[in-house]
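Visitor: Sequence isn't available, so here's the structure alone:
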DNA sequence: CTGAAAGCGCTTACAG
DNA sequence: CTGAAAGCGCTTACAG
């Protein structure tokens, strides 16, 4: 009779049945959703998880403007969840270790450092290599890379050999390795033929800044290879402001295939499916099924209008 | 020492301190995030809530492909939360009533039917009236409206007087009222000078379909007024495919100002702020502070490149 | 079939 | 200062 109903917390405690899955982001929550990829991943995870009646609790890193009255410790330590999905962490992120310390069933997407946990990933190195080989086949010989952060404290500028070798995010590290393989196979070399801009965060603004910085280098890059669609959109914005023809004067390649990527040529990353499979693996773990190791999802290079042949040298 | 740590569920039960806020969507969760507005709202709510150490649990409507082993009842009845933020519900949505039946502190965004709950809203009627008056001032006399759903079971086609009068979503109802006021003030009339397409859902595909349908009417509309940016993007996609000059042959106006709305002329709806204020009101309610009634956020018409003067009659 | 008791894992207040 | 007991709101298994 429209009454209060029973307290789900108490019920869950008594019955011991799992109800809630924690989706953990490395940064504070309010930053997580500035990235359209985050929404796609949630969509996939939600799809799988809600079929079985689970809820999805969003868990972020500690907020920097925490209220004094708020409970101590990272949200990940206090989250009332029955399992974790961890996403895009750096190898040495203390938050990642704090989550593992809860010893709950856990699935990792974009696995930092090989762990024994079930995980979901793409062949980042292979996809990156493909994308660069595609540009090389179009005749591009001066490449600019718009990179995601390489370490927890990103540098926000050109990243030389030393900095590149210290990448702590698996996805960025693997992609750099893939680009490197493609360069080497073509007889090209880092720093001489390809420069890397390391962004401070995955935003359009950083993509724009990086594109401007790379464009100012000599020899000038004829193509920009972005590790995310956000960064690629930034590069397109830079090109538009500088009145550069795309792809006539500058080719731009993205990576993720977010819904608004009508103008880029991204290596299609199946982010919704990544979320879905992460949810599926976690539900299997909650049922006590043995961990199936890592699930590798296929990628695909989708060619669109923002990339084309290198301009003829004048 | 890296040990298991204590069970947050039990702690929360014993201490009685609130930890988790439920963000409730009218549809199934995996649909919620196909709308970029959803991500903006989460961003705002997360920003406010995480400062005080609360987690955000995403709660959707019942999934249609529910697993037989899943617990019965809507997720909203089982969600282990201490308060609700309800968003964009139709007046008669049973899920809305089910959430209220939990008798938890609750805040409503885009309030369905005046309730006594704290709420956050914009002046939908005023913003809509502004947008249409702007088009009328540009000389447009034949208007097409791309409307959001009017009832729980949307019709997906032209909506005549009878259907328009039965709108059950507050935002859509108010916006129709605002358009009506602008029409009346200009001596124009619904159905003769302005047609309404009711979409089946808030997607680019529906916007495209509606734009095509409205464009096929006689007299042809010279401007399309969309109730969301998604629908406006669809109208732009239709114009691009039909090789119509925007705004030369067709003006397009959006509503939300999502991040990718570079080409529309939306009435700026402050969605992040809406999420933030909803979070703030709910935290106040959890502290036992008296409900402050409804908080009305300002809107602003931002004019961009997709709208211009009506083409001269030939 | 109905009703009182035990216990999920914790925290808090109180007795020793 | 330390340690045993009570109790958060439920559900389940057991006694009557």
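Guide: All right, it came through fine. In this text the structure is predicted, and so the values were computed from the model without any measurement.
Visitor: Now do stretch A:201-213: everything it contacts.
Guide: A:31, A:34-35, A:37, A:144, A:146, A:148-149, A:154, A:156-158, A:197, A:199-200, A:224, A:226, A:228, A:230-235, A:237-239, A:241-242, B:259 (C-beta atoms under 8 Å, 6 or more residues apart in numbering or on different chains). All C-beta atoms are positioned from the backbone trio N, CA, C, and that covers glycine.
Visitor: Buried among those residues? Make that a PyMOL selection.
Guide: To isolate the buried subset of the contacts of stretch A:201-213 in PyMOL, counting by 16 or more other C-beta atoms under 10 Å in any protein chain shown, use the following:
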select buried, (chain A and resi 31+34+35+37+144+146+148+149+154+156+158+197+199+224+226+228+230+231+232+233+234+235+237+238+239) or (chain B and resi 259)
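Visitor: among the contacts of stretch A:201-213, which are in helices?
Guide: With helices identified by DSSP state H, the entries of these that belong to them are A:31, A:37, A:230-235, A:237-239, A:241.
Visitor: quick one: which of those is nearest to DNA strand C?
Guide: Proximity to DNA strand C was ranked across these by C-beta to the nearest atom of the strand; first place goes to residue A:31, at 29.0 Å.
Visitor: Look up how far DNA strand D lies from the closest one.
Guide: From residue A:31 over to DNA strand D the distance is 35 Å, taken as C-beta to the nearest atom of the strand, to the nearest Å.
Visitor: Pick out the most distant pair among the ones in helices among the contacts of stretch A:201-213.
Guide: Within the ones in helices among the contacts of stretch A:201-213, two members stand farthest from each other by C-beta to C-beta: A:31 and A:239, at 26.4 Å.
Visitor: any chance you could map the helices in the stretch 101-250 of chain A?
Guide: With DSSP state H, counting those that start in this stretch applied, the stretch 101-250 of chain A shows helices at A:124-137, A:161-164, A:170-185, A:204-215, A:229-241, listed in chain order.
Visitor: Packing partners of the last one?
Guide: Under the contact criterion of 3 or more C-beta pairs under 8 Å, 6 or more residues apart in numbering or on different chains; DSSP states H and E, the helices and strands touching helix A:229-241 comprise helix A:36-50, strand A:143-147, helix A:204-215, strand A:223-226, strand A:251-253.
Visitor: Can you list phi and psi of the closest residue to DNA strand C within the stretch 101-250 of chain A for me?
Guide: Scanning the stretch 101-250 of chain A for the residue nearest DNA strand C gives residue A:102, at 10.3 Å (criterion: C-beta to the nearest atom of the strand). Here is the backbone geometry of residue A:102 (degrees, to the nearest 10): phi -70, psi -20.
Visitor: If you tally nearby residues, what's the number for it?
Guide: 21 (other C-beta atoms under 10 Å in any protein chain shown).
Visitor: circling back to that earlier point, redo the helices of the stretch 101-250 of chain A as JSON lines? Include distance to DNA strand D and mean pLDDT.
Guide: JSON lines is the format used below for the helices of the stretch 101-250 of chain A (distance: least, C-beta to the nearest atom of the strand, whole Å; pLDDT from 0 to 100):
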{"stretch": "helix A:124-137", "distance to DNA strand D": "44", "mean pLDDT": "95"}
{"stretch": "helix A:161-164", "distance to DNA strand D": "50", "mean pLDDT": "97"}
{"stretch": "helix A:170-185", "distance to DNA strand D": "41", "mean pLDDT": "97"}
{"stretch": "helix A:204-215", "distance to DNA strand D": "47", "mean pLDDT": "97"}
{"stretch": "helix A:229-241", "distance to DNA strand D": "45", "mean pLDDT": "94"}
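Visitor: Tell me which of the ones you listed lies nearest to residue A:9.
Guide: Between residue A:9 and these, the shortest separation by C-beta to C-beta is 35.9 Å, and it involves helix A:170-185.
Visitor: List the contacts of that closest one.
Guide: With contact meaning C-beta under 8 Å, 6+ apart, helix A:170-185 is reached by A:88, A:91, A:110-113, A:121, A:123-130, A:132-133, A:136, A:143, A:145, A:147-150, A:164, A:167, A:189-190, A:193-194, A:196, A:225, A:227, A:255.
Visitor: Thanks again, I'm all set now.
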